[in-house]
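Colleague: coords please:
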Amino acid sequence: MESLIPMIINLISGAVGGNIAGKLFKSLNLGTLLNSIAGIVGGGLGGQLLAMLGIGGGGSMDLMGILQSVAAGGVGGGVLMAIIGFIKKMMK
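Modeller: Below you'll find the predicted structure:
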């Protein structure tokens, strides 16, 4: 159960990161729903990738672990949303 909470934090912060990236990069914006979906996927992938590399929180629930989960999820969500938005823009 303890390792589930950092994953939930990654997913939520990924959705937030995807929407923030959509607001910052208006030309890559996919809309709120697709920004959120791409952000959730990117947040999960970003959190897992950093945990595998030993950089992320690794499931710890101290303040540093929570902040690392938020950062990994937010950045991962924003990056994946921007990549998908860029691909969609190039396909037009």
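
Colleague: where does the protein dip in pLDDT?
Modeller: Regions of the chain meeting the criterion pLDDT under 70 cover residues 1-2, 56-60.

Colleague: What segments of it are helices?
Modeller: For the chain, the helices defined by DSSP state H occupy 4-24, 32-53, 63-91.

Colleague: need the ones you listed in JSON lines with mean neighbour count, can you?
Modeller: All C-beta spots, glycine's among them, are computed from the backbone N, C-alpha and C. Below are the helices of the chain laid out as JSON lines (neighbours: other Cβ atoms under 10 Å):
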{"stretch": "helix 4-24", "mean neighbour count": "21"}
{"stretch": "helix 32-53", "mean neighbour count": "21"}
{"stretch": "helix 63-91", "mean neighbour count": "20"}
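
Colleague: these two touch, right, Asp66 and Ile8?
Modeller: Asp isn't right for residue 66; it's Ile. No. Using Cβ atoms under 8 Å, Ile66 is not in contact with Ile8, being 11.2 Å away.

Colleague: for Met90, what are its contacts?
Modeller: Met90 makes contact with no residue, according to Cβ atoms under 8 Å, 6 or more residues apart in numbering.

Colleague: my bad, Gly43
Modeller: 10-15, 17-18, 72-74, 76-77 are the contacts of Gly43 under Cβ under 8 Å, 6+ apart.

Colleague: nearest to Lys92, of those?
Modeller: Here the nearest of the contacts of Gly43 to Lys92, counting by Cβ to Cβ, is Gly18; it sits at 20.2 Å.

Colleague: can you pull the contacts of the closest one?
Modeller: 35-40, 42-43, 77-78, 80-81.

Colleague: So it versus Gly43, what's the distance?
Modeller: 8 Å (Cβ to Cβ, to the nearest Å).

Colleague: on that earlier part again, is it possible to get TSV of the contacts of Gly18 that adds distance to Lys23?
Modeller: Conversion of the contacts of Gly18 to TSV gives the following (distance: Cβ to Cβ, whole Å):
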residue	distance to Lys23
Asn35	9
Ser36	12
Ile37	16
Ala38	14
Gly39	12
Ile40	17
Gly42	16
Gly43	17
Gly77	13
Gly78	10
Leu80	16
Met81	11
